[in-house]
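Novice: The sequence and its predicted three-dimensional model are supplied below.
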Amino acid sequence: MTQKDTEMENVDATAPPDAESSRQQPNGTAPAANKKDEKDTKGDEELSEEDQQLKSELEMLVERLKEEDTNLYKPSLEALKNFIRTSTSSMTAVPKPLKFLRPHYPELTALYDKWPVGDLQNALADVLSVLGMTYADNNRRDSLRYRLLAPSDEIGNWGHEYVRHLALEIGEEHNVRVEKEEPFEDLMNLALQIVPFFLKHNAEADAVDLLLELEAIGKLPPFVDKDTYARVCLYMVSCVNLLPPPDDMAFLRTAYEIYLSQGKLTQAMALAIRLDDHESMRAVFSATDDVLVHKQLAFILARQQIWLLLDNDEVQECLSNSRLSEYFLFLAKELNIMDPKVPDEIYKSHLEHTRGGPDSGHVDSAKQNLASSFVNSFANAGFGKDKLMIVDDEASSWVYKNKDAGMLSATAGIAQILLWNVEQGLQDLDKYMYSSEEYIKAGSLLGIGIVNASVHDESDPALALLSEYVENRSVPLRISAIIGLGLSYAGSQRQDVFNLLQPLIADTSLSMQIASLAALSLGLVFVGSCNADITEVILQTLMERDETQLSDKWARFMSLGLGLLYMGKQDAADVIIETLKAIEHPIGRNTNVLVDICSYAGTGNVLKIQGLLHLCSEKAESEQKEGEDASSQKVDDLYQGYAVLGLAIIAMGEDIGSEMVLRQFGHLMHYGEGSIRRAVPLAMGLISASNPEMKVFDTLSRYSHDSDLDVAANAIFSMGLVGAGTNNARLAQLLRQLASYYSKEANSLFMVRIAQGLLHLGKGTMTLSPFHTDRQILSSVSLAGMLAVLVSLLDASSLVLDTAHYLLYFLTPSIHPRFLITLDTDLKPIQVNVRVGQAVDTVGQAGKPKTITGWVTHSTPVLLGHGERAELEDDEYVALASTLEGLVILKKNENKVEEE
């Protein structure tokens with residue numbers, strides 16, 4: 001090969017991709033083309049004969065369009081269209097016609113301006129719109145410009161890539177016009193032409209994204225049909241956590257409307273619950289007359305603890321959860337776990353290597369007896385029998401082995417064992433109602449609240465029995481009645497409970513303890529309701545009380561009560577947050593943070609998380625002012641503890657956010673102040689409640705040996721929270737080691753016992769996770785109960801580890817069985833085979849991908865772990881619920897019979 005040939009190859013190899021397509025240009029083209037002439041003639045050799053012929057034909061057609069004879073225009077344009085369309089089928093490379101026509105694009109655009117308005121000009125605009133894809137740089141948006149100049153009903157004929165490009169330009173143009181405040185109806189009309197094309201060609205995500213870009217997601221439902229709704233709604237619902245308000249609610253609302261229009265009522269109900277819209281819930285009931293479907297919808301609402309009044313008594317019974325105890329005991333019998341457990345079986349003390357002599361473990365027998373009361377009630381929760389409390393000879397009951405406030409918690413523990421069984425529970429508590437011991441009587445009042453939690457009885461026994469003690473002179477009786485009302489009517493928004501408790505908050509002569517617990521109970525009853533009357537009373541009280549009262553350790557529950565009212569309501573709390581700034585006492589700031597984190601619970605809002613991290617990074621004024629005691633200092637920096645809990649509360653709805661927040665907790669633990677370090681373990685426990693991940697509980701295990709005993713105690717409690725109801729063997733072993741490590745430290749040992757009780761909650765059949773229905777729905781009531789306990793643990797030594805251990809019973813509304821029980825049409829349990837495996841995210845995947853992996857076949861009833869999903873093994877039955885979880889009604893599959 002000569003040197004000249006080599007040069008020629010080098011020149012052509014480095015030439016821009018457009019160079020070869022701009023050769024043999026007629027006179028009058030852009031000056032840049034003339035400079036390339038020499039390169040072009042050399043590059044000709046590289047084109048195959050077929051390509052050369054195509055190139056020549058295209059150039060001839062362009063030449064014809066420049067001639068005077070208008071009769072040639074139409075056939076030439078048709079031929080150009082034909083060439084482009086036939087080549088667009090393969091998108092592995094730039095289609096050759098587009099490549100060869102690109103150099104002529106400026107001439108063709110000039111022709112468009114010269115031609116008279118009419119069909120021919122529109123046809124040319126049609127071609128230019130497609131060619132505009134090759135000139136997509138410099139924000140020209142020519143494809144869109146010429147498409148708007150030549151409206152057409154057949155956009156899809158140009159191929160998928162063209163339509164996607166057009167959608168991209170529509171989004172860009174829309175943003176520009178919104179900034180300039182120009183109208184964009186034409187863009188909207190074009191987008192509504194593109195959406196059906198996307199839906200028809202399995203590009204549901206593109207259709208949704210386009211309408212999101214135009215802020216018109218509400219226009220989607222008419223275009224969705226029975227073939228596309230499932231993929232559209234799955235994509236939309238999975239986007240919700242990643243969208244800023246108000247788009248997130250708009251997406252939920254649109255997906256709800258699509259499900260409702262397609263008759264998928266259980267999915268629609270799940271979204272109505274997430275919208276927290278009672279009207280939408282009633283609309284789902286109204287959409288069908290099928291009583292069985294109504295019952296299934298009622299089971300879903302009952303799991304969320306939403307109280308609605310319905311016409312049908314049978315459906316109302318399902319909604320009231322009145323048979324929950326019966327179904328739970330059926331599960332227990334099937335799994336053969338009815339035998340009561342005693343605390344020693346859980347402690348396995350013979351495996352503990354206790355330091356010191358045999359008596360060294362008895363640090364404080366009253367404290368340890370109290371711990372055993374809690375462990376016994378947690379382990380046997382819901383089973384209705386145990387070996388310590390519910391005994392024939394009342395005098396030998398474990399209750400009497402406790403003293404003072406310990407008797408209160410022990411008596412309430414009887415109700416925990418009889419959880420959800422209202423009739424039996426009231427019967428067993430009745431004898432303690434007449435006790436001469438004030439604390440035992442108080443415990444029975446608290447027990448009435450516990451046994452009624454999550455279950456609604458028409459006769460309202462809790463209200464009838466507790467209301468008379470709300471004004472009682474005895475503080476323990478009064479407090480127990482107040483908390484009992486909060487637990488039994490959590491989430492009910494009952495006006496009569498408001499009438500009873502509201503005066504207690506407003507009365508400034510009452511102690512802060514009574515007023516604050518009344519506010520907390522009302523917060524639980526009216527969780528997420530934005531109730532203006534309660535808000536007003538709490539704000540008024542915070543402004544009227546004096547500094548010493550506001551610095552009281554109980555005042556935090558007043559703040560929490562206000563926060564719970566705005567649970568998940570996002571910007572609805574903005575006005576309250578502004579009002580709180582007027583309170584000069586530090587409690588104003590603390591309450592501000594609490595209301596803010598509650599209002600964005602489970603949203604994954606990144607901006608809020610950034611704001612909370614900023615609060616955590618502030619250095620608290622460490623120099624204690626003269627005359628200021630330690631308790632008021634604690635009040636000052638309490639907001640940082642709330643901010644840490646807030647990180648978990650906001651991020652818990654979204655997996656990536658949770659991962660990132662767990663990483664932040666490590667930094668906060670390293671560099672944070674005391675109040676932050678106390679809160680970090682609690683936040684870690686909350687974000688993985690009943691989800692024993694190795695990396696989380698190993699980190700907590702490290703923190704449980706912290707030199708600050710408050711941090712260690714909270715880390716131990718969180719280990720119980722992470723493993724709640726799972727019987728996790730590794731955690732049980734770690735807790736046994738901690739029991740021997742802290743055998744001489746009464747408070748820490750008490751926490752170890754509580755954690756052991758939580759780990760074996762309901763003998764491993766229950767969960768504290770606030771998420772249900774395939775982890776889609778966040779239960780406000782469950783989260784509120786856990787939050788009450790965690791807020792009290794921020795100052796554990798003066799509350800839970802002192803005499804206020806009964807606050808641990810605020811966990812009761814968060815306790816739910818993690819079963820799947822299949823019912824026949826008469827609501828009697830039936831056994832069918834189901835596959836249980838790890839849930840797989842199938843959003844946007846083609847075809848019909850498997851929704852579970854690594855599955856094992858079981859016969860119902862079965863227990864579902866965190867992140868597990870169940871599906872029916874065969875098609876003998878059809879499930880009325882979209883998610884196999886909790887109580888699911890099955891119907892015989894009629895189509896199956898016909899096939900046979």
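Specialist: Nice, thanks for sending it over. On a predicted model such as this, the values are computed, not experimentally measured, just so you know.

Novice: going forward, measure contacts between C-alpha atoms and count neighbours the same way
Specialist: OK.

Novice: so what pLDDT did Ser21 get?
Specialist: pLDDT for Ser21: 41.

Novice: just Ser396 next, same as before
Specialist: 66.

Novice: How about Ala30?
Specialist: Ala30 is given a pLDDT of 44.

Novice: Mind jotting down where the strands sit in this protein?
Specialist: Here the chain has its strands, by DSSP state E, at 766-767, 771-772, 777-778, 816-817, 819-823, 833-839, 852-859, 862-863, 868-872, 877-879, 886-892.

Novice: Point out the most buried one among those.
Specialist: strand 766-767 (a mean of 28; mean count of other Cα atoms under 10 Å).

Novice: before we move on, back to that, quick one: closest of the strands of the chain to Ala412.
Specialist: Proximity to Ala412 (Cα to Cα) singles out strand 816-817 among the strands of the chain, at 18.2 Å.

Novice: Not counting its own residues, what contacts the closest one?
Specialist: Residues from elsewhere that reach strand 816-817 (Cα atoms under 8 Å, 6 or more residues apart in numbering): Phe328, Thr765, Met766, Thr767, Leu768, Gly886.

Novice: From those residues, pick the one nearest Glu873.
Specialist: Gly886 (17.4 Å).

Novice: That closest one bridge partners, please.
Specialist: Note on Gly886: beta-bridge partners by DSSP bridges are Leu820.

Novice: could you list every residue that touches it?
Specialist: So Gly886 contacts Pro817, Arg818, Phe819, Leu820, Ile821 (Cα under 8 Å, 6+ apart).

Novice: wait, which of those residues is closest to Leu863?
Specialist: Of the contacts of Gly886, the one sitting nearest to Leu863 (Cα to Cα) turns out to be Phe819, at 4.5 Å.

Novice: Apart from its neighbours in sequence, what residue is nearest the closest one?
Specialist: Leu863 (4.5 Å; Cα to Cα, 6 or more residues apart in numbering).

Novice: What of Ile577?
Specialist: Closest to Ile577 by Cα to Cα, 6+ apart is Asn592, at 5.5 Å.

Novice: Thought Val575 was touching the one you found, still the case?
Specialist: No: proximity of Asn592 to Val575 does not meet the contact threshold set by Cα atoms under 8 Å, at 10.8 Å.

Novice: Pick out whichever of the two has more residues nearby.
Specialist: Neighbour totals were compared for Asn592 and Val575, and Asn592 leads with 26 against 9 (other Cα atoms under 10 Å).

Novice: where's the more buried one relative to Leu864, distance?
Specialist: For Asn592, the distance to Leu864 (Cα to Cα, to the nearest Å) stands at 38 Å.

Novice: what does Ala270 give?
Specialist: Distance, Ala270 to Leu864, by Cα to Cα: 19 Å.

Novice: Might you report the residue contacts of Lys96?
Specialist: Counted by Cα under 8 Å, 6+ apart, Lys96 has contacts Asp51, Ser87.

Novice: Would you mind giving me the confidence score for it?
Specialist: For Lys96, the model assigns a pLDDT of 80.

Novice: do Leu297 as well
Specialist: 95.

Novice: Now it. Nearest residue, chain neighbours left out?
Specialist: Using Cα to Cα, 6+ apart, the nearest residue to Leu297 is Thr266, at 6.2 Å.

Novice: next one: Arg145
Specialist: In space, Arg145 comes closest to Ser129 once its chain neighbours are excluded; the distance is 7.3 Å by Cα to Cα, 6+ apart.

Novice: Number of residues surrounding that neighbour?
Specialist: Residues near Ser129, counting by other Cα under 10 Å, number 23.

Novice: pLDDT below threshold where in the stretch 251-400 of the chain?
Specialist: 351-364, 393-396 (pLDDT under 70).

Novice: so who does Ile830 touch?
Specialist: Contacts for Ile830 (Cα under 8 Å, 6+ apart) come out as Ile821, Thr822, Leu823, Asp824, Thr860.

Novice: Swap in 7 Å and give it another go.
Specialist: Thr822, Leu823, Asp824 (Cα atoms under 7 Å, 6 or more residues apart in numbering).

Novice: ok, now Leu477?
Specialist: Ala442, Tyr469.

Novice: Try it again at 8 Å.
Specialist: Contacts of Leu477 by Cα under 8 Å, 6+ apart are Glu438, Tyr439, Lys441, Ala442, Leu445, Tyr469, Val470.

Novice: quick one on the thing from earlier: please verify my assumption that the residue nearest to Leu297 contacts Ala879.
Specialist: No: with contacts defined as Cα under 8 Å, Thr266 does not count as touching Ala879, sitting 10.6 Å away.

Novice: Kindly tell me how buried Val176 is, as a neighbour count.
Specialist: Counted with other Cα under 10 Å, Val176 comes out at 12.

Novice: Ignore what I typed, I meant Met407.
Specialist: If we define neighbours as other Cα under 10 Å, then Met407 has 25 of them.

Novice: try Leu47
Specialist: 12.

Novice: hmm, back to that, between the strands of the chain, which one is nearest to Asn336?
Specialist: Here strand 862-863 is closest among the strands of the chain (Cα to Cα), at 12.4 Å.

Novice: next one: that closest one to chain centre, how far?
Specialist: Centroid separation between strand 862-863 and its chain, computed with Cα atoms, centre = their mean, to the nearest Å, is 23 Å.

Novice: can you check stretch 800-809 too?
Specialist: 29 Å.

Novice: and if you look at stretch 661-673?
Specialist: 23 Å.

Novice: Just send the contacts of Leu477 back as TSV, with pLDDT too.
Specialist: Shown next, in TSV, are the contacts of Leu477 (pLDDT from 0 to 100):
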residue	pLDDT
Glu438	91
Tyr439	93
Lys441	93
Ala442	94
Leu445	94
Tyr469	93
Val470	92
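
Novice: mind listing what the residue most central in space within the chain touches?
Specialist: Of all residues in the chain, the one closest to the mean position by Cα atoms, centre = their mean is Gly653, 3.0 Å from it. Counting by Cα under 8 Å, 6+ apart, Gly653 makes contact with Asn241, Ala601, Gly602, Thr603, Gly604, Leu778.

Novice: Could you export stretch 708-715 as CSV, keeping only the C-alpha atoms?
Specialist: The C-alpha trace of stretch 708-715 is given here as CSV (Å, rounded to 0.1, in the frame of the first residue of the first chain):
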residue,chain,number,x,y,z
ASP,A,708,-22.7,5.0,78.9
LEU,A,709,-25.2,2.6,80.6
ASP,A,710,-28.2,4.5,79.1
VAL,A,711,-26.9,3.9,75.6
ALA,A,712,-26.3,0.2,76.5
ALA,A,713,-29.8,-0.2,77.9
ASN,A,714,-31.4,1.3,74.8
ALA,A,715,-29.2,-0.9,72.6
